[in-house]
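Colleague: quick one: sequence plus predicted model below, questions after.
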Amino acid sequence: MGKKSFALLVVLFSPYAHAHPGEHHGTILDGITHLLSEPDHLAMALVALVAGVAGVKIYRRRAASRIQITRR
């Protein structure tokens with residue numbers, strides 16, 4: 001019964017969870033402009049980019065070390 005109650009609360013109160021105040025209606029261009037003009041969105045995009053680049057570097061190093069181990 002607890003899971004159903006929690007699910008009901010999530011459904012009832014989810015419309016009140018907004019990231020930003022105000023309406024966000026518009027075209028796809030408005031959405032892209034919003035994402036590229038807000039400092040918090042740009043900061044999170046930078047964090048994601050740095051994490052992605054670091055992940056690729058780590059993956060390539062591990063793949064290269066595996067290739068060297070198998071060649072020996």
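Modeller: Perfect, thanks for sending it.
Colleague: where exactly do the strands run in the protein?
Modeller: Counting by DSSP state E, the chain forms no strands at all.
Colleague: could you measure from the residue positioned nearest the centre of it over to S5?
Modeller: Centroid-nearest residue in the chain: A48, 7.3 Å away (criterion: CA atoms, centre = their mean). Distance, A48 to S5, using CB to CB, to the nearest Å: 35 Å. For glycine as for every other residue, the C-beta is placed from the backbone atoms N, C-alpha and C.
Colleague: check V50 too.
Modeller: From V50 to S5 the distance is 41 Å (CB to CB).
Colleague: low-confidence ranges, the protein, go.
Modeller: 1, 14-25, 72 (pLDDT under 70).
Colleague: let's see that with 80 instead.
Modeller: 1-3, 9-26, 67-72 (pLDDT under 80).
Colleague: kindly list the longest helix within it.
Modeller: Criterion DSSP state H: the longest helix present in the chain is helix 39-71.
Colleague: for it, packing partners?
Modeller: helix 28-37 (3 or more CB pairs under 8 Å, 6 or more residues apart in numbering; DSSP states H and E).
Colleague: show me what the helix it packs on is packed up against.
Modeller: helix 39-71.
Colleague: distance from the chain centre to the helix it packs on, please.
Modeller: Mean-position distance between helix 39-71 and its chain equals 16 Å (CA atoms, centre = their mean, to the nearest Å).
Colleague: what of stretch 32-39?
Modeller: With CA atoms, centre = their mean, you get 15 Å for stretch 32-39.
Colleague: would you indicate which residues of it are buried?
Modeller: Of the residues in stretch 32-39, none count as buried by neighbour count, 16 or more other CB atoms under 10 Å.
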